[in-house]
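Novice: build me a model from this:
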Amino acid sequence: MTVIEISSLDDPRLVDYSHLTDVALKKSGGGLYIAESLLVLERAIAAGHRPRSVLALGTSVDEAVAATSGFDIPIFSGPADLLEELTGYLLHRGLIAAMHRPELPAAIDLLTAATRVVILENVVDPTNVGAIFRSVAAIGADAVLVTPSCSDPFYRRAIRVSMGTVLQVPWTRVGDWASIRGLLTASGFHLAALALSADAVDLKTFAATAPERVALVLGTEGDGLTREAIEAADTVVTIPMAHGIDSLNVAATAAVAMYALV
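Specialist: Below you'll find the model as predicted:
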């Protein structure tokens, strides 16, 4: 790697850090995402992801050098006010890195050795996506599948909230419910939908005799699961509530349900 001290923002390689949205980054450089902090950078590299460059402040330069020792990439550094002008915010985490997006694995490959899988249907808030990944990673999910309208787990906020666990838990995108149902059936999974329903089974009851392989599906904020998801499920499962409350935040639901099943 090469450490480059910058005194201006003229270097075209700095464009990756220049106020680009997640969508713009996804379309840039063959597909990029931003890793914020040394921890997230290290987790990304450990997962096999390749850095394109690093932007580091002060003492974080040495950490960036150590973390990327196996890569021939530029490490940019400079005055805090100049880096803030470039990114639009103070680098209080010390460093950020532009990372190449990896090719997503085939869903069937993720299911081969898995026993507990989480499916996110149309969860649109990156904060919730990140919180779900952090919870289910810690508790023991083997993989996460996300539907086409679900927020991108590689979006900056999702990665930040997840503490980089979106880079550790295998995940991929899946198609419509016909294809998801076929995939789960072929892999021997029981699909449990977390939803409010008159015929729903209490989570504790379901967990007591849960099948060997279970895929939990959670729906979007507010509306919950679609009719197609519920119809595709083998069992509808609910978490009993007190004080007249009818549901939890989707990230809390994911944590409670996964804990009950692991």
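
Novice: in the helix or strand harbouring Ala66, which residues are buried?
Specialist: Under DSSP states H and E, the secondary-structure element containing Ala66 is helix 60-67. For helix 60-67, a neighbour-count test (16 or more other CB atoms under 10 Å) marks 60-61, 63-64, 67 as buried. (Glycine included, C-beta is placed from N, CA and C.)

Novice: what is the nearest of those to Leu261?
Specialist: Distance to Leu261 across the buried residues of helix 60-67 (CB to CB) is lowest for Ala67, with 35.2 Å.

Novice: how far away is Thr2 from Asp72?
Specialist: Separation of Thr2 from Asp72 (CB to CB, to the nearest Å) stands at 8 Å.

Novice: more crowded one of the two?
Specialist: Neighbours were counted for Thr2 and for Asp72 using other CB atoms under 10 Å; Thr2 has more, 10 against 7.

Novice: contacts only, for the closest residue to that one other than its chain neighbours.
Specialist: Take Thr2 and drop its neighbours on the chain: the residue closest to it by CB to CB, 6 or more residues apart in numbering is Pro74, 5.4 Å away. Counting by CB atoms under 8 Å, 6 or more residues apart in numbering, Pro74 touches 1-4, 13, 53-54.

Novice: selecting buried members of those in ChimeraX, what would you type?
Specialist: For the buried members of the contacts of Pro74, the matching ChimeraX selection, counting by 16+ other CB under 10 Å, is:
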select :1,53,54
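
Novice: buried sites along the host helix or strand of Ala44?
Specialist: Element membership for Ala44, per DSSP H and E: helix 38-46. Residues of helix 38-46 classed as buried by neighbour count (16+ other CB under 10 Å): 38, 40-45.

Novice: same thing with stretch 201-210?
Specialist: For stretch 201-210, by 16+ other CB under 10 Å, it's 203, 206-207, 210.

Novice: show me the two of those that sit farthest apart.
Specialist: It's Leu203 and Ala210 that sit farthest apart of the buried residues of stretch 201-210, by CB to CB, at 9.8 Å.

Novice: just give me the closest of the buried residues of helix 60-67 to Ala141.
Specialist: Ala67 (26.5 Å).

Novice: take the buried residues of stretch 201-210 and keep only those in strands.
Specialist: The subset of these located in strands under the criterion DSSP state E is empty.

Novice: that older thread, how close does the residue nearest to Thr2 get to Val61?
Specialist: 12 Å.

Novice: this completes my enquiry, with thanks.
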